[in-house]
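**Student:** sequence plus predicted model, see below.
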Amino acid sequence: MSILADIPFSLLELAPMREDSTVSETLQDSLRYAQYAERRDVKRFWLAEHHNMPGIICSATSILIGYIAGGTERIRVGAGGIMLPNHPPLVVAEQFGTLASLYPGRIDLGLGRAPGSDPVTSLAFNRDNQRAEHFPDEVRELQSLLGPHELRHHSNGKAVRAIPGEDTNVPIWLLGSSLFSAQLAAERGLPYVFAGHFAPRFLSEALALYRRKFTPSAVLDKPYVMVGLPLVAAPTDAEAEHLSTTSKQRILALIRGQEMWLKPPIDSMNGLWSEQEKNYVDSFLSLSICGGPVTIKHQLEMFVEQFGVDELMFTNDLYDSEHRLRALDILMSVKQ
């Protein structure tokens, strides 16, 4: 039996949009994708918060989580993640407390300390550009608001409570692409997700730090690691390489500050990028799982053996929605 058989597979959704599509069509496609994932026994379907990025339609993350959870029955749905510097902890607690009450036992709350946007957009959310420095305190506040009721006093003496929210104990995960969140997750005894799908550089150091410093908590008695990976799966290696040009064009647009619409795959990237840009895109996608079934199975088995992860979460941003579903079939087949 494959080493992958006991590793849960999950999905991270960016609600990718084609330029010839609409927001409504894009979100309906995300729901169909989640429903298909549920039928294939995918464990989680998370949505990532991004802002001011044409081509990525998941800015109202908590609303989309409700939309996906309402259209599915069993799959866990959550945020991968909520960018906490953009939101007061009380608002996040109320939103996710409501979601957890509507869909009990199915809601996850992943938290990040990045803005999920450019600096100008970040300032539009919050005039305090030091909010990220308060991330550890705000995580603690959020844990308190979602936990058992304790008397919390505002400056006017009135207790501040998340209604709904308190006593829901929505599972909190810390997300990161550097060592900061790995250290904090270890100190708080929380599960940790490394964003290998876009920032692979510190993967080894972050996982080692998290495991070495982990302190058991009321929610977790031993480290739990999930890693995000880009996925491009197709019947053959050659087709997968062709389809991967959609992601490469998108990352190229990102580094150039251009709009990030999903673009059709092309025969070659030659002539579209400079050598420096090619190196950047290749680095960005260096953990990409790309190929036909045999290749993907081998790549994933090697990754799990090397890093000993507890769960894997995949981005699957192909141009054709039917190709996304086919890729999911191929991915789930390698667990056998």
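**Tutor:** Yep, it's here.
**Student:** going by C-alpha atoms from here, please, whenever you check contacts or count neighbours.
**Tutor:** Will do.
**Student:** quick check: next helix or strand after whichever strand or helix holds residue 242?
**Tutor:** Using DSSP states H and E, the secondary-structure element containing residue 242 is helix 237-243. Later in the chain than helix 237-243, the nearest helix or strand by DSSP H and E is helix 245-255.
**Student:** can you give me the mean pLDDT across the helix or strand following that next one?
**Tutor:** With elements assigned by DSSP H and E, the helix or strand that comes after helix 245-255 is helix 275-284. Averaged over helix 275-284, pLDDT sits at 95.
**Student:** which residues does helix 275-284 contact?
**Tutor:** 197, 198, 199, 200, 248, 251, 252 (C-alpha atoms under 8 Å, 6 or more residues apart in numbering).
**Student:** mind listing what residue 109 touches?
**Tutor:** 78, 79, 80, 81, 82, 96, 170, 171, 172, 173.
**Student:** again, but for residue 149
**Tutor:** Contacts of residue 149 (C-alpha under 8 Å, 6+ apart): 161, 166, 167.
**Student:** residue ranges with poor pLDDT in the stretch 101-250 of the chain?
**Tutor:** 115-119, 121-130, 150-158 (pLDDT under 70).
**Student:** where do the helices sit along it?
**Tutor:** Secondary structure of the stretch 101-250 of the chain (DSSP state H, counting those that start in this stretch): helices at 119-125, 135-146, 179-188, 203-213, 237-243, 245-255.
**Student:** name the residues of the last one that are buried.
**Tutor:** If I follow you right, that is helix 245-255. 245, 246, 247, 248, 249, 250, 251, 252 (16 or more other C-alpha atoms under 10 Å).
**Student:** distance of the nearest residue to the first one once chain neighbours are set aside relative to residue 230?
**Tutor:** Distances taken as C-alpha to C-alpha, 6 or more residues apart in numbering put residue 265 closest to residue 245, at 5.1 Å, once the chain neighbours are dropped. Plainly put, residue 265 is 16 Å away from residue 230 if you go by C-alpha to C-alpha, to the nearest Å.
**Student:** who has more neighbours, the two?
**Tutor:** residue 230 (25 against 19; other C-alpha atoms under 10 Å).
**Student:** quick check: bridge partners of the more buried one?
**Tutor:** When assigned by DSSP bridges, residue 230 has beta-bridge partners residue 315.
**Student:** enumerate every residue touching it.
**Tutor:** So residue 230 contacts 196, 197, 198, 285, 287, 288, 289, 314, 315, 316 (C-alpha under 8 Å, 6+ apart).
**Student:** quick one: strands adjacent to the helix or strand harbouring residue 12?
**Tutor:** According to DSSP H and E, residue 12 maps onto strand 9-13. Partners of strand 9-13 in the sheet, by DSSP bridges, are strand 44-47 (parallel), strand 311-315 (parallel).
**Student:** Serialize those strands to CSV and add fields for mean pLDDT and mean neighbour count.
**Tutor:** Shown next, in CSV, are the strands paired with strand 9-13 (pLDDT from 0 to 100; neighbours: other C-alpha atoms under 10 Å):
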stretch, mean pLDDT, mean neighbour count
strand 44-47, 98, 27
strand 311-315, 98, 22
